[in-house]
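**Q** With the sequence up front, the predicted model follows.
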Amino acid sequence: MEKSKELFRPLTNFYYGSLLVIMIALGAGAFFLASSFIQNEQKRASISSLQVEQSLETEHRYIVEEFFTSSYESIFIRVSHSLQKFGSPKFELYLYNNEGQCLLAKSEKDLEIPCKTNISADEGQLFYKSDLKLGSTRLGTIKVLIEDRFQFFTGSILRYAFVNYLPILLLVPLLWIVWAFFSRKYILIPFYRQMMALEKEKVSTDIIRQIIHDTKGEIASLDLAICELDDREKAEEMKQTLNHIRESFSNLSHHKEGIVTTVREVPLKANDLFNDFIEQQKIKYKKHSPQVIIESSSKIDFDHKVKVDSNTFYRVLSNLVENSVTAPNSDKVIRLKINFTETKDKTIFSIEDNGDGISEEIKDKLFIKGFTTKKTGTGQGLAYIQEVVKGWKGKISFETKILDGRGTIFTIEIPAYLKTKVVILDDATKLLYRYKKIVERFGHQTETFEDISSLLNRSETFDTDTIFLLDFNLSDSSNGGEVAKKLHHLGMKNVYLHSGNPSLSHDDYPFVKGILSKGNFMETIAQVGIG
């Protein structure tokens, strides 16, 4: 667990670093917004104080008239309306006569409040006071105590936040991009290299395990052969050699850097591969103890080829044979049936034994890498086989306890490498000959034509999957496009124009599968999918 945490620590650092960058940017933005908002409202407050005083002064003449007629409620309504444009703040209205007697004391909710003689503004309050005179005669006094909280923005808070906070929102991706560039160089790329190194280590280890697995059976056979030697001195010498080999395998893990597997898969006759393999196995198990009897049969109906690497093919089947030989078996004699059959589009190899079968508990685990029931097993064999067979676009399956609760049969199906018919039209005889040789070198059938009429005369005999490579510019002023159109009407699916004219457009010939450059024929057949 601790090792896993240490391995992924760079990603953890990147994750928490990203969160920290975003939080710093948002925090800085919130601080900037709050400070700018407060500064803005402080300016608004000073403006509002002056505006409130001016607004009440404009009502002064009407207030005096209503005070003279003792319309005190009208004065309250007038003050309330006057303050509505400032967001209807809380206020207290006091009216006094010349003797200082309180005539009216009301709050903004039209509630009676205790009358105060000495009124002063606290922090966050505005205080308005004015004498009420009619001519030179003083009638009384008006005092208004107004809560200054209405100054905190009476407009759209969303609009204010958007206008002022937008630059900060842009700061978040900007800071994250800077952080991402920094992380890429100092966190992510080193982490990627570390993971690649671990993957290389894993691949190297798997290769080593596979080599040990493949060779283990051969060493066991040699051990048995040594025991049957009459020359004890020679037997001891060979046993020491085998011990050196085992020691080399145990040290192989210290020298696994630079191990590279190169596999060249080419079409090979399946029957030849099968016969060679049978001969190898019969020689290998000729003097095996307990006795191993190998029977084989082949049914060759199509003489298919398979596109495999011969060494890998032998290794796969050898692993299956080795598993059958070493599997639990109550009989004294191990009997193997190795069969080869062909269908129209695939080849099938099967290896059947007379062992005790595979238990239900482990059937689903057989192809899991690392799973083994053998004390000295590596768990690489069947997993490796399945991986290789999938690479051949084939499949592997098995049946067990097929007769009286005994025996197991493994079956490998590989798609046959079917020849493709390639028809080439070109009026240059030398080019046709060269094209024909190249295509046939890749194992395909070729038919060539130098003129349109001879090709069209044979057109109805071709299969719809035939590949047609048609030269566009022919010497008799005709072109391959005309032939392509006729072949298209006949249902041919793989018609290509072959031209040295780079301006030739597929839009002009939508019925062809492609227009290929005539510059490099190897590239042409690779694009067609036959090279």
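**A** Happy to help now that I have it. On a predicted model such as this, the values are computed, not experimentally measured, just so you know. Numbering: from 1, shown residues only.
**Q** CA atoms for contacts and neighbours, from now on please.
**A** Will do.
**Q** Strands along the stretch 201-350 of the chain, start to end?
**A** Secondary structure of the stretch 201-350 of the chain by DSSP state E, counting those that start in this stretch: the strands cover 266-269, 292-299, 305-308, 334-342, 346-353.
**Q** Show me what the fourth one is packed against.
**A** Meaning strand 334-342. On a contact count with 3 or more Cα pairs under 8 Å, 6 or more residues apart in numbering; DSSP states H and E, strand 334-342 meets helix 270-284, strand 292-299, strand 346-353.
**Q** can you do 7 Å?
**A** With contacts taken as 3 or more Cα pairs under 7 Å, 6 or more residues apart in numbering; DSSP states H and E, strand 334-342 sits against strand 292-299, strand 346-353.
**Q** Out of these, which gets nearest to Trp179?
**A** Within these, the stretch nearest Trp179 is strand 346-353; the backing value is 55.5 Å (Cα to Cα).
**Q** outside of the closest one, which residues touch it?
**A** Strand 346-353 is touched from outside by 324, 335-342, 407-416, with contacts defined as Cα atoms under 7 Å, 6 or more residues apart in numbering.
**Q** picking up where we left off before, with distance to Leu26 and mean pLDDT as extra columns, can I get the strands of the stretch 201-350 of the chain in a markdown table?
**A** Putting these into a markdown table (distance: least, Cα to Cα, whole Å; pLDDT from 0 to 100) gives the following:
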| stretch | distance to Leu26 | mean pLDDT |
| --- | --- | --- |
| strand 266-269 | 62 | 80 |
| strand 292-299 | 75 | 90 |
| strand 305-308 | 60 | 86 |
| strand 334-342 | 70 | 93 |
| strand 346-353 | 64 | 93 |
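**Q** so which of the ones you listed comes closest to Asn98?
**A** strand 305-308 (118.0 Å).
**Q** Return the list of strands paired to the closest one, each annotated with direction.
**A** strand 266-269 (antiparallel) (DSSP bridges).
**Q** quick revisit: deepest in the core, which of the helices and strands packed on strand 334-342 is it.
**A** Ranked by mean neighbour count, the helices and strands packed on strand 334-342 are led by strand 346-353 with a mean of 22 (mean count of other Cα atoms under 10 Å).
**Q** C-alpha coordinates for that strand, PDB please?
**A** These are the backbone C-alpha positions of strand 346-353, laid out as PDB (Å, rounded to 0.1, in the frame of the first residue of the first chain):
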ATOM      1  CA  LYS A 346      -9.700 -21.500 -41.000                       C
ATOM      2  CA  THR A 347      -7.300 -24.100 -39.700                       C
ATOM      3  CA  ILE A 348      -7.900 -26.000 -36.500                       C
ATOM      4  CA  PHE A 349      -5.300 -27.700 -34.300                       C
ATOM      5  CA  SER A 350      -6.400 -29.800 -31.300                       C
ATOM      6  CA  ILE A 351      -4.500 -31.700 -28.600                       C
ATOM      7  CA  GLU A 352      -6.400 -34.300 -26.600                       C
ATOM      8  CA  ASP A 353      -5.100 -36.200 -23.600                       C
END
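**Q** returning to what we had before: figure out which of the strands of the stretch 201-350 of the chain is closest to Met492.
**A** Of all these, strand 346-353 sits nearest to Met492, with 24.6 Å by Cα to Cα.
**Q** Could you figure out how far the closest one is turned away from helix 270-284?
**A** Angle, strand 346-353 to helix 270-284, by axes from the mean of the first three to the mean of the last three Cα atoms, to 10 degrees: 20 degrees.
**Q** which parts of the next helix or strand after strand 346-353 are buried?
**A** Downstream of strand 346-353, the first helix or strand assigned by DSSP states H and E is helix 381-391. Residues 381-386, 388-389 are the ones in helix 381-391 that count as buried (16 or more other Cα atoms under 10 Å).
**Q** How far does the next helix or strand after helix 381-391 sit from its chain's centre?
**A** Following helix 381-391 in sequence order, the next helix or strand is strand 395-403 (DSSP H and E). Computed by Cα atoms, centre = their mean, to the nearest Å, the chain-centroid distance of strand 395-403 equals 35 Å.
**Q** Which strands border strand 395-403, and is each parallel or antiparallel?
**A** strand 406-415 (antiparallel).
**Q** Save the helices and strands packed on strand 334-342 as JSON lines, and put in distance to Leu174 too.
**A** As requested, these are arranged in JSON lines below (distance: least, Cα to Cα, whole Å):
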{"stretch": "strand 292-299", "distance to Leu174": "70"}
{"stretch": "strand 346-353", "distance to Leu174": "59"}
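**Q** closest one to Ile22 among these?
**A** Among the helices and strands packed on strand 334-342, if distance is taken as Cα to Cα, the winner is strand 346-353, at 59.0 Å.
**Q** and the angle for the closest one with strand 292-299?
**A** Using the same axes, to 10 degrees: strand 346-353 against strand 292-299 is 160 degrees.
**Q** quick one, strand 346-353 and strand 334-342 angle?
**A** Angle, strand 346-353 to strand 334-342, by the same axes, to 10 degrees: 170 degrees.
**Q** any idea how this structure splits into domains?
**A** Annotated domains of the chain cover 59-151, 267-415, 421-528 [automatic domain parsing].
**Q** Could you work out the end-to-end span of the second one for me?
**A** Domain 267-415 stretches 11 Å from its first residue to its last (Cα to Cα, to the nearest Å).
**Q** can you check stretch 296-307 too?
**A** Using Cα to Cα, the end-to-end distance of stretch 296-307 comes to 22 Å.
**Q** which residues touch it?
**A** 265-270, 337-342, 344, 416-417.
**Q** residue contacts, the closest residue in space to Val512 that isn't next to it in sequence?
**A** Closest residue in space to Val512, ignoring its immediate chain neighbours: Val495 at 5.3 Å, by Cα to Cα, 6 or more residues apart in numbering. With contacts defined as Cα under 7 Å, 6+ apart, Val495 is in contact with 467-469, 484, 512-513.
**Q** Can you flag which of those belong to strands?
**A** 467-469 (DSSP state E).
**Q** Check the gap between Lys299 and Thr343 for me.
**A** 9 Å.
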